[in-house]
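Colleague: Please find the sequence and the predicted model below.
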Amino acid sequence: MGVVFCGYLLNFRQGDWLQLKNVISIEIMFLLLMVGYLGATHISMLNASTIHAWVMGGLLVLCATDCIAIYEVVAQQSWAGTLESSGAMVFRASSILFNPNLFAFWASLVYLACAYGMYAWSEYRRVMLWGMVLAAVAIYFSGSRSAGYLLLGVLLISAVLLKGRSRWFPLMILPLTMLVIYAGAAWFAAPLLPSGGRNEITLLGERFIAAPIYLINYVSMYVGVPVEVAIAINGRFLGEGRDAGWLVLYQDAGWWGVAAMVWISLNAIRWGAAADFAERGPASIFALAILFYCLMMGFVMRFQIFPVWTFIGVALIPCLVFWSRAANTKPTTIGSDARVNS
């Protein structure tokens, strides 16, 4: 926290209140991680009734957010949208959050939590599967291609590291859910939805399908890349209003701030890798998956804005607690104890 503040002083811009706000957000995120970790280490193990209450409450929240998101897109009432070169307007849902990318980031963290819960609490496996489906619906209607594909990459790595036949379920549910939504809107929902609503849903699916091709073309000197796609990619990394949190951190706190964040990230990776090396299991793998997802999202989203840094802190606190307990537990008991405590 001190190094980031020193970096801010060395890169101080007179009258730039956004710079100060960004640095304060980083400091509060560090404070949240520290205080949350210290408090969570004293929490006792959760019993079955508590877990069931949290899971069912989470499903109700997911259902509500998905209903709002679907309404936004079908009724064309979302405030966020993209005008494509073809002239079509793509409406993207924000639901109860501020913007579609934030909505997708939150849903992705929920998806990873449910994927872990499927292994940690086998008695709630079906409920966790439904949680992943509802989170995938949220990502689809948000239209956030970066969040969706980063999540797929993290899930692929997790599936390779896990054991058992069910390890591919989390990886398969996300694209299958999106495919069902797209196919249902394009071919099977004609009697239920107006033509405009069907078109808006299918346009979101087409964005996800075309995203890898556009990215390859963008790297290949903009060949065949629509203007709106080039603007979206450039907006992540170029200009004063860039969205990449790592670049904004460099802009606000210089190399001092970046070095502090990288140092913390490397220590977290080292801590997580040590726990995974001691005894690989779902808890160690998904803790690292959440960490890597948060770090990678920093290249396409500002982690300095609220509530992104709050979501990152809340998601990483259980990971820190697990790594701490794993470091103080004999290798033969890490897997079983960590699974319950997480």
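Modeller: Noted; the coordinates are in hand.

Colleague: so where do the helices sit in the stretch 1-150 of the chain?
Modeller: Taking DSSP state H, counting those that start in this stretch as the test, the helices found in the stretch 1-150 of the chain are 2-10, 17-40, 48-74, 100-120, 125-142, 145-161.

Colleague: need the ones you listed in a markdown table with mean pLDDT, can you?
Modeller: Formatted as a markdown table, those follow (pLDDT from 0 to 100):
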| stretch | mean pLDDT |
| --- | --- |
| helix 2-10 | 95 |
| helix 17-40 | 93 |
| helix 48-74 | 88 |
| helix 100-120 | 93 |
| helix 125-142 | 94 |
| helix 145-161 | 94 |
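
Colleague: Packed most tightly, which of these would that be?
Modeller: Scoring the helices of the stretch 1-150 of the chain by mean neighbour count under mean count of other C-beta atoms under 10 Å gives helix 100-120 as the most buried, with a mean of 25. All C-beta atoms are positioned from the backbone trio N, CA, C, and that covers glycine.

Colleague: For residue 255, find the nearest of the helices of the stretch 1-150 of the chain.
Modeller: Distance to residue 255, taken as C-beta to C-beta, is lowest for helix 2-10 among the helices of the stretch 1-150 of the chain, at 7.3 Å.

Colleague: CA atoms of that closest one as CSV?
Modeller: The C-alpha atoms that make up helix 2-10 are tabulated as CSV, following Å, rounded to 0.1, in the frame of the first residue of the first chain:
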residue,chain,number,x,y,z
GLY,A,2,2.9,2.3,0.8
VAL,A,3,4.6,1.6,-2.5
VAL,A,4,1.5,2.3,-4.5
PHE,A,5,1.0,5.6,-2.7
CYS,A,6,4.7,6.6,-3.4
GLY,A,7,4.1,5.8,-7.0
TYR,A,8,1.1,8.1,-7.0
LEU,A,9,3.1,10.9,-5.5
LEU,A,10,5.9,10.5,-8.1
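
Colleague: what distance separates that helix from the centre of its chain?
Modeller: Relative to its chain's centre, helix 2-10 lies at 28 Å (C-alpha atoms, centre = their mean, to the nearest Å).

Colleague: Stretch 227-241 too?
Modeller: 20 Å.

Colleague: buried sites along it?
Modeller: The neighbour-count check on stretch 227-241 (16 or more other C-beta atoms under 10 Å) flags 229, 232, 233, 236 as buried.

Colleague: what would these look like in TSV with secondary structure?
Modeller: Below are these laid out as TSV (DSSP: H, G, I helix; E, B strand; the rest coil):
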residue	secondary structure
229	helix
232	helix
233	helix
236	helix
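
Colleague: Adding pLDDT, write those residues out as a markdown table.
Modeller: Below are the buried residues of stretch 227-241 laid out as a markdown table (pLDDT from 0 to 100):
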| residue | pLDDT |
| --- | --- |
| 229 | 77 |
| 232 | 80 |
| 233 | 78 |
| 236 | 78 |
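
Colleague: Give me the contact list for stretch 248-256.
Modeller: 3-4, 6-8, 10-11, 19, 22-23, 26, 242, 257-258, 260-261, 302, 304 (C-beta atoms under 8 Å, 6 or more residues apart in numbering).

Colleague: swap that for stretch 99-108, please
Modeller: Outside stretch 99-108, the residues that reach it (C-beta under 8 Å, 6+ apart) are 65, 69, 78, 80, 92-95, 97, 135-136, 138-139, 142-144, 146-148, 150-151, 293, 297, 300-301, 307-308, 311.

Colleague: center of this structure - which residue?
Modeller: In the chain, the C-alpha nearest the mean C-alpha coordinate belongs to residue 105, at 3.5 Å (C-alpha atoms, centre = their mean).

Colleague: Pull the contacting residues for the nearest residue to residue 152 once chain neighbours are set aside.
Modeller: Nearest non-adjacent residue to residue 152, counting by C-beta to C-beta, 6 or more residues apart in numbering: residue 174, 6.3 Å away. Listed by C-beta under 8 Å, 6+ apart, the contact partners of residue 174 are 111, 132, 136, 139, 148, 151, 152, 155.

Colleague: What pLDDT does the model give residue 174?
Modeller: We note a pLDDT of 95 for residue 174 in this prediction.

Colleague: Equivalent analysis for residue 15, please.
Modeller: If you check residue 15, the pLDDT there is 84.

Colleague: Check residue 221 too.
Modeller: Model confidence at residue 221 (pLDDT) stands at 64.

Colleague: now do the one 4 residues further on
Modeller: Each residue has a pLDDT score; the one for residue 225 is 71.

Colleague: Also residue 170?
Modeller: Confidence score, pLDDT, at residue 170: 92.

Colleague: Ok, residue 76 next?
Modeller: pLDDT at residue 76 comes out at 86.

Colleague: what about it, neighbour count?
Modeller: Residues near residue 76, counting by other C-beta atoms under 10 Å, number 14.

Colleague: Skipping adjacent residues, who's closest to it in space?
Modeller: Residue 76 sits nearest to residue 91 (C-beta to C-beta, 6+ apart), 5.4 Å away.
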